[in-house]
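Enquirer: What follows is a protein structure lacking sequence information:
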């Protein structure tokens, strides 16, 4: 006997199954289309956006840092060429600006402090025109040495070729530490100071902390960067017992020679009370010194002090301006704070805060 209710249920079940099949098929087709179009792989878009942000900021050092980090990445080869050209263009602009300034030690020191990291060739060319500059100890000019001098005793460093030293310097600069270690060891053992410093940096990066300690101590009296490495080792307990007081001493010695990263580290130790009584005012003073040398970490923590209301009332506007500077100088952690604060601030307010921070960067308080 025919049952109309049963028949209706069968039809509904059939329609439901058909819908499931259709929807499943559409979903598969959609996934295939996305996969075939490459939409899910947005890495190239992300890199292009990153490079655009890099070009929009006005400083040179972030370009150099980007090159050091990604120069060996074949996927970024086209972008690396663009960034190299832009970095060279900015260095040329700076060189043209200094070309009209007095050739004296004061101008040279200012040039070195601001641009030796990214434009060393241009700084060296300017230095060659300044009278009274003593050549670097680790790179003597043979023309200034008398062959009759009894002091000349064929130092071991002469057994290492210039090409090997240059390879050591370059590979360390672009952070290719595994290859750099093999090339830096021989000139470092032969007495080349820069190679010895590189060995300290390389060993720390590769977590060979006893070697980092050895090489850093060897050149600490001649290199603020080596003192910074020692400060990090003691602060983090790497290769030695953790000792904040000892770390503070090394950071202080390097910071006194205007080493920006050491000034930032010293500021953080005063802020957090590590190895010394907490002193937010002194912390801000050291962070400002580093920030004025475009140290992104120091700029970030100045922003954090403003956001949290350390030393004064909370100032999210000025905090955002500091975070923006930090991000432009390559400190990525600042991006999250920028996203959080920018929702609360309009462009006009932000422009005013940027002007305040620029005034502080130029020497104001």
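Expert: Cool, the structure landed. A quick note: this is a predicted structure, and the numbers were derived from the prediction, not measured.

Enquirer: Residue ranges in the stretch 51-200 of the chain under the pLDDT threshold?
Expert: 131-159 (pLDDT under 70).

Enquirer: can you give me the helices for it?
Expert: 61-70, 77-99, 105-115, 120-127, 162-173, 177-189, 193-205 (DSSP state H, counting those that start in this stretch).

Enquirer: try the stretch 251-365 of the chain
Expert: 260-272, 280-291, 296-308, 316-328, 334-342, 347-361.

Enquirer: how far does the third one sit from the chain's center?
Expert: In terms of C-alpha atoms, centre = their mean, to the nearest Å, the centre of helix 296-308 is set 16 Å apart from its chain centre.

Enquirer: Compute the number of surrounding residues for residue 277.
Expert: Neighbourhood size, residue 277 [other C-beta atoms under 10 Å]: 7. Glycine gets a C-beta too; all of them are placed from N, C-alpha and C.

Enquirer: about what we covered before: tell me which of the helices of the stretch 51-200 of the chain sits most buried.
Expert: helix 193-205 (a mean of 24; mean count of other C-beta atoms under 10 Å).

Enquirer: Now find how far off-centre that one is within its chain.
Expert: Put simply, helix 193-205 sits 17 Å off its chain's centre (C-alpha atoms, centre = their mean).

Enquirer: and that helix with helix 162-173, angle?
Expert: Relative orientation of helix 193-205 and helix 162-173, computed by axes from the mean of the first three to the mean of the last three C-alpha atoms, to 10 degrees: 40 degrees.

Enquirer: Which residues does helix 193-205 contact?
Expert: Contact with helix 193-205 is made by 137-139, 165, 168-169, 172, 175, 177, 180-181, 184-185, 187-188, 209, 211-212, 214-216, 218-219, 222-223, 225-226, 229, 232-233, 238, as judged by C-beta atoms under 8 Å, 6 or more residues apart in numbering.

Enquirer: tell me, what residue is most central in the chain?
Expert: Residue closest to the mean C-alpha point of the chain, counted by C-alpha atoms, centre = their mean, is residue 65 at 5.3 Å.

Enquirer: pLDDT wise, what is the closest residue to that residue other than its chain neighbours at?
Expert: Excluding the flanking residues, the one nearest residue 65 by C-beta to C-beta, 6 or more residues apart in numbering is residue 330, at 5.0 Å. Listed pLDDT for residue 330 reads 88.

Enquirer: Can you name the residues that contact residue 330?
Expert: Residue 330 neighbours (C-beta under 8 Å, 6+ apart): 61, 62, 65, 66, 296.

Enquirer: low-confidence ranges in the stretch 251-365 of the chain?
Expert: Scanning the stretch 251-365 of the chain residue by residue, the ranges that satisfy pLDDT under 70 are 364-365.

Enquirer: hmm, back to that, quick check, nearest of the contacts of residue 330 to residue 105?
Expert: residue 61 (23.2 Å; C-beta to C-beta).

Enquirer: burial measure for the spatially closest residue to residue 337 that is not a sequence neighbour, as a count.
Expert: Excluding its sequence neighbours, the residue lying closest to residue 337 (C-beta to C-beta, 6+ apart) is residue 323, at 4.7 Å. Residues near residue 323, counting by other C-beta under 10 Å, number 30.

Enquirer: Repeat that for residue 317.
Expert: 19.

Enquirer: show me the contacts for the residue lying closest to it once chain neighbours are set aside.
Expert: Residue nearest to residue 317 in three dimensions, not counting chain neighbours: residue 353, with 3.9 Å by C-beta to C-beta, 6+ apart. Contact partners of residue 353, counting by C-beta under 8 Å, 6+ apart, are 317, 318, 320, 321, 345.
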